[in-house]
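J.: Task: produce atomic coordinates for the following.
(chains A, B, C, D, E and F)
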Amino acid sequence: MKREDGRKPDEMRPLVIKAGVLKEANGSALVKLGKTTAIAAVYGPRETHPRHLTRPDKALLRCYYNMAPFSTNDRVRPGRSRRSTEIAKVTREALEPALFLEEFPKASIEVFIEILQADAGTRTAGINAASVALADAGIPMRDLVTSIAAGRIDKTPILDLAGKEEEETECDLPIAYMPREKKITLMQMDGDIAQKNLREVIDTAIKVCEQIYEKQKEALKERWVGEGK
Amino acid sequence: MKREDGRKPDEMRPLVIKAGVLKEANGSALVKLGKTTAIAAVYGPRETHPRHLTRPDKALLRCYYNMAPFSTNDRVRPGRSRRSTEIAKVTREALEPALFLEEFPKASIEVFIEILQADAGTRTAGINAASVALADAGIPMRDLVTSIAAGRIDKTPILDLAGKEEEETECDLPIAYMPREKKITLMQMDGDIAQKNLREVIDTAIKVCEQIYEKQKEALKERWVGEGK
Amino acid sequence: MKREDGRKPDEMRPLVIKAGVLKEANGSALVKLGKTTAIAAVYGPRETHPRHLTRPDKALLRCYYNMAPFSTNDRVRPGRSRRSTEIAKVTREALEPALFLEEFPKASIEVFIEILQADAGTRTAGINAASVALADAGIPMRDLVTSIAAGRIDKTPILDLAGKEEEETECDLPIAYMPREKKITLMQMDGDIAQKNLREVIDTAIKVCEQIYEKQKEALKERWVGEGK
Amino acid sequence: MIMQSEYIMNLASKGLRIDNRKPEDFREIKLEKGVTGNAEGSARIRMGKTEIMVGIKMGVGVPFPDSLDKGVLIVGAEFSPIASPSFEKGPPREEAIELARVIDRGIRESKAIDLENLCIKKGEKVWMVFIDIHILNHDGNLIDAAGLASIQALLDAKMPEYIEKEEKVNYEKRTKPFPVKFKPVPVTVVKMGESFFIDPSLEEENALGARFTITTMDNGNICAMQKGGVEALKIEEIDRIFDLAVRKAGELRKLLK
Amino acid sequence: MIMQSEYIMNLASKGLRIDNRKPEDFREIKLEKGVTGNAEGSARIRMGKTEIMVGIKMGVGVPFPDSLDKGVLIVGAEFSPIASPSFEKGPPREEAIELARVIDRGIRESKAIDLENLCIKKGEKVWMVFIDIHILNHDGNLIDAAGLASIQALLDAKMPEYIEKEEKVNYEKRTKPFPVKFKPVPVTVVKMGESFFIDPSLEEENALGARFTITTMDNGNICAMQKGGVEALKIEEIDRIFDLAVRKAGELRKLLK
Amino acid sequence: MIMQSEYIMNLASKGLRIDNRKPEDFREIKLEKGVTGNAEGSARIRMGKTEIMVGIKMGVGVPFPDSLDKGVLIVGAEFSPIASPSFEKGPPREEAIELARVIDRGIRESKAIDLENLCIKKGEKVWMVFIDIHILNHDGNLIDAAGLASIQALLDAKMPEYIEKEEKVNYEKRTKPFPVKFKPVPVTVVKMGESFFIDPSLEEENALGARFTITTMDNGNICAMQKGGVEALKIEEIDRIFDLAVRKAGELRKLLK
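T.: Modelled structure (predicted):
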């Protein structure tokens, strides 16, 4: 199996992670996965607005996902879409298992994800960025959340689909994974695939999550060292 | 005068009324008038949201009227329209005289009407359903509210217009009537008709309201008997 | 330089100002500048809604600018536009320096401007009307705010642009001015003009503001005399 | 407010009104036409302190699929916040929508406008007629005031020229009269206690039990009706309302120019 | 609510359910087709107290630029306020959007509808297929109920006639069967404590940790998945969920008529 | 906040600034072009801690009726909630709209873009040019930063190819340079007490009395102005602002690549 851009089947595109890229936010991170660029900002824990959303027993986690108008070839109209609403929901559910929300009753934690350039894998790039941004904000976490999409072409599990691979793959499976906890926090899939092949795809995806995890930790270390100066 | 579907001038389409058709609502009813199908749900009396709408002296009655997207040949776009807003208003005014709202100060009572299939007479079917749903919810009522539309074709008052009759009629007059109180709670009219002929149309409409009344009472009796089992 | 409608370069169109034209509002005024007709209503100082906008130290000034659907040749769609939002903002900033908002902490003062007929100069007509309406409402003011637009055609500063002059002018400069304070509260400009020529345009505009000021005072005098009867 | 309403109801029980009017009296009505220059037609009405402007605008659009050879009529009502201190808190959308729809039905059902005459090219291009109702001061009885002003504005209207070649409307040239065939006039009767009044002021509307609008055509026929308010009416009461409304419609129609 | 959830979790820790069902039992399911006359196809499902109507409507529109010769599929879900006391306070938009999109993906990815067969004129006119999901009573497991009812409604659908000349759809004449090729069926498994249940009621959903929906095709292949809920899952747990969901999908598919 | 503003005003009365800058100093400015790949042109600016990305997108659309042979320019500004803790509470729509409109006027009035050159087929198809301003970090002086970045993004832009036959845009092939004729640059001067500063930080903006933006063309002419803030200005003060803004515009223009 030969890939369009010469990668090995289980090789992801070049991944760059940088923590602390925004000044105003309590925490932030930039993730580049190939050409896909996501930036995440975390505000909170802070007071919940509007008040009637306050939860007495734990913090309210809110996620937003937005594509910059110039992030794709066909300009994205500003404002929420059905797609962005769903991605925001699964992103929140992907992150929540990593947090100790019960430590911040009544507060809210907001995660804003902006896609600055879109070239496949925007939701996974957003989750990787959000996870680092949460850590950068000093919010206690059980584990970092890593995320990647995988597929299957020519009977081979393929990691981090890009370009025409999105059309050729038997399935498109984005996953989010907590490497230390060894637990899955997001899994979606579109396609047409036999159960046993699907299992193989999942295993391949989880493997690379460990690599992402290392990159995330490096980014945070660099940030803290930088701060220390 | 011969009608398209063989009915007599003062004969309404087959009417089916069923109370207590929904599990979650405090009260509910289904009305089929020919092919037109309306379902009404009542929630309340319950706390008023948002609070600033609370009335100190009586309950707030709110009505909503909505057509399911698949209820007509040309799909109905979801969301409120000018037409549905007006129908909701006149429905509320048609129902309010039958209620003792002053018995529930600060509370709100909500009536939701869904049109599942539309074939003329949706607002009157909705009012008939709402009236039974209110009774089913155990809300004290002065009287049931019955409703039907009437018109005039070939110098003859015609009851419960349907199909092409809507185009041929001199007027389209929906009415709501409390049979025991002998009072009119809704009257609208579109058309071009002399005053004295109009009066005849109204009389014909009122007569059939008595029949609807019996059907409503039967539906409620059946519901209560059913409950008793 | 000859103007389309025979005016002198520094001559504004016929200006009519009338105070107290609406019954419900606390203060109101009508301004006709040529065919352009603006009406302004002031409500307040009154309680602020919604409450979270309340300012502890001074009144909240809110301005709205709206064009009637029939005010232009091409019907204006009802509702707010980007243009009307910006005009409302600069109108508020044009009026605020004339008010003692700190005298009414927590309250709000609302200024509603309706353009009934539009023929160039709607924002300046609106500001002139709003200023008189505020005085008519008895709200203490440091000065009246006067407003006019100026331009430059054939090397001559031109006052109160109208008709095709809007296309021919080197610049379109609306200004608002407090004549007693000798201060500028609004200045916008579109065009392409050298700095020194621009200065000349501004001077010409300010001169006519004195005339508008007299008209405004007359309108208020007439109103008070009328009231006294 | 509640005290005021009780006082009004008390008076009404004696057939009296707070402004000393008789039950069947209109407030002073001033009806003007041609009050704004960019509209194809316009009118301003003052009915007591209620003040409304109506403008007619025309444009070219696509006909509805079920009437390919007819112009399109659209009636809109804006409750400008200048008109009432209560208009800015929360949207009175419902009331504005009802107003526009009742006026719309009166005009549409009476066939007051000859929509067949407003077809430019069947199935492709027809005139769109916008009747925009702009409330400037709200002191009650908006339906009657807006209804009368709408007909007056239509009578005032002149059609702009449509330039086929350039596919655009020339608003500078308004010459052909607008095709108005009838003059439907709405009259609203309110029941207060056991009395029936016309032309309610805002104070009276806040106190009223039932409101009944009847739109009457030139020949006395009725073309639209709308009951409002939370009080039920007996059939004999409706008879009384009919008589009163039809009679009073004639009075209003005479004011049209 | 919280008390109730704790009770449910307690039971779950013993593999028990509040309504005495076994973990792998569906509630009673009633599936009807042809339940409303103006839709091209329709179905009503009752799954315990959950009740959903699905209607298929067709119209003619313009194809998407990237698939000029294919019909357009649009899935919508309305959470009618009649269905639950909680639906009117604040919009549960997110949940409704997720529901519609999960159903959409199951149908789209399985190629259940032969969209190529729904092209009228390449690049210009294609059939638009609307699947509208209308929740009438919400007692949990909306995805499975709506998914099954959607396929049933598609199987029930007949295509209306398109009258080329008049450029309009004749809804009176519905004859040609609608091109359904496969029957994708979603099954949702929930994890409660250490137990895995299917067909959660609303009470159970409010208590649950993780939810996993798997849409299975006729041949056993999987065409869509969606994890929900705030609990993370181990890979072995996902294996268990796969087995259960695929097995149960067959049961549901047999109910289709 | 109020304490902070008083402190800033106190300093200002001595001509001093909270970050030790001189009145006529910009903060450090970093301007990059070509920062994102799917836009026809792009730029990122950092002005102190203020950070903005601007992207140019092009598409094909219908011209406005009053300029049938010209491309269409649309400037939008999004205040992403990532940029400021205050952005998510209530919509700062007004500020974003003003920002976009001031930038729009500067570019439009200066004729910086040759819109005549963006006509594909008169009256039918023209290029739409979208300038989207995306605020990433808000620390004041958004107009100057966004204005400079917008021109930089336009200078960076390459036009995509329009494939006449397929009626679609080929974004893979971007070759022709985008027709930029001038480089209008906005400079905002603020009055604080009796001092005049440029490039206000967010803290300074919160304390300021009046703000005045002047957009200057390459030849020193002025093409747009906008006063903001709630303090009135004397005419002599405006003269001072003119001089300062025009002088400083040249400095900024030199940063363009």
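J.: Now do the strands in the stretch 1-150 of chain D.
T.: D:29-33, D:41-47, D:50-61, D:72-78, D:119-121, D:125-137 (DSSP state E, counting those that start in this stretch).
J.: Check chain A too.
T.: Ranges of strands in chain A, per DSSP state E, are A:15-19, A:27-33, A:36-47, A:60-67, A:107-117, A:146-153, A:156-159, A:171-178, A:183-193.
J.: okay, now residue 99: neighbour count?
T.: Since no chain was named, I'll use chain A. Using other CB atoms under 10 Å in any protein chain shown, the number of residues around residue A:99 comes to 21. Backbone N, C-alpha and C define where each C-beta goes, glycine included.
J.: ah, no, chain D please
T.: With other CB under 10 Å as criterion, residue D:99 counts 24.
J.: I figured it hits residue D:146, correct?
T.: Yes. The criterion here is CB atoms under 8 Å, and residue D:99 meets it with residue D:146 at 6.2 Å.
J.: Find residues that contact each of these two.
T.: Residues touching both residue D:99 and residue D:146 (CB atoms under 8 Å, 6 or more residues apart in numbering or on different chains): D:77, D:133.
J.: Check the offset of stretch A:82-95 from the chain's centre.
T.: Offset of stretch A:82-95 from its chain centre (CA atoms, centre = their mean, to the nearest Å): 10 Å.
J.: Kindly reformat the strands of chain A as JSON lines containing mean neighbour count, mean pLDDT and distance to residue C:76.
T.: JSON lines is the format used below for the strands of chain A (neighbours: other CB atoms under 10 Å in any protein chain shown; pLDDT from 0 to 100; distance: least, CB to CB, whole Å):
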{"stretch": "strand A:15-19", "mean neighbour count": "19", "mean pLDDT": "98", "distance to residue C:76": "48"}
{"stretch": "strand A:27-33", "mean neighbour count": "26", "mean pLDDT": "98", "distance to residue C:76": "43"}
{"stretch": "strand A:36-47", "mean neighbour count": "24", "mean pLDDT": "96", "distance to residue C:76": "39"}
{"stretch": "strand A:60-67", "mean neighbour count": "22", "mean pLDDT": "96", "distance to residue C:76": "31"}
{"stretch": "strand A:107-117", "mean neighbour count": "25", "mean pLDDT": "97", "distance to residue C:76": "35"}
{"stretch": "strand A:146-153", "mean neighbour count": "26", "mean pLDDT": "97", "distance to residue C:76": "48"}
{"stretch": "strand A:156-159", "mean neighbour count": "22", "mean pLDDT": "96", "distance to residue C:76": "55"}
{"stretch": "strand A:171-178", "mean neighbour count": "26", "mean pLDDT": "98", "distance to residue C:76": "46"}
{"stretch": "strand A:183-193", "mean neighbour count": "24", "mean pLDDT": "97", "distance to residue C:76": "45"}
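J.: Looking at those, which is nearest to residue E:150?
T.: Across the strands of chain A, residue E:150 has its closest neighbour in strand A:183-193 (16.6 Å, CB to CB).
J.: is chain E contacted by the closest one?
T.: Yes. Remark: strand A:183-193 sits within contact range of chain E at A:183, A:184, A:185, A:186, A:187, A:188, A:189, A:190, A:191, A:192, A:193, by CB under 8 Å from any CB of the partner chain.
J.: Distance check, the fourth one against residue C:18.
T.: Relative to residue C:18, residue A:186 is positioned 66 Å away (CB to CB, to the nearest Å).
J.: One more: the fifth one?
T.: Between residue A:187 and residue C:18 the distance, using CB to CB, works out to 70 Å.
J.: Mean neighbour count, distance to chain C and mean pLDDT added to the strands of the stretch 1-150 of chain D, as a markdown table?
T.: What follows is these, written out as a markdown table (neighbours: other CB atoms under 10 Å in any protein chain shown; distance: least, CB to the nearest CB, whole Å; pLDDT from 0 to 100):
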| stretch | mean neighbour count | distance to chain C | mean pLDDT |
| --- | --- | --- | --- |
| strand D:29-33 | 16 | 13 | 98 |
| strand D:41-47 | 26 | 7 | 98 |
| strand D:50-61 | 24 | 2 | 97 |
| strand D:72-78 | 20 | 6 | 95 |
| strand D:119-121 | 15 | 17 | 95 |
| strand D:125-137 | 24 | 4 | 96 |
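J.: quick one, which of these is nearest to chain F?
T.: Between chain F and these, the shortest gap by CB to the nearest CB is with strand D:50-61, which sits at 11.7 Å.
J.: Let me see the confidence value for the one residue in chain A that gets nearest to chain D.
T.: Across chain A, the shortest distance to chain D (CB to the nearest CB) belongs to residue A:50, at 17.0 Å. Note for residue A:50: predicted pLDDT of 81.
J.: Can you give me the distance of it to residue A:99?
T.: Distance, residue A:50 to residue A:99, using CB to CB: 22 Å.
J.: and if you look at residue A:186?
T.: In terms of CB to CB, residue A:186 sits 14 Å off from residue A:99.
J.: which residues touch residue 184?
T.: Here I'm looking at chain A. If you count contacts by CB under 8 Å, 6+ apart, residue A:184 has them with A:175, A:176, A:177, A:206, E:227, E:232, E:233, E:234, E:235, E:238.
J.: that's the wrong chain, I wanted chain D
T.: Per CB under 8 Å, 6+ apart, neighbours of residue D:184: D:106, D:107, D:109, D:110, D:112, D:147, D:151, D:215, D:216, D:217, D:223, D:224.
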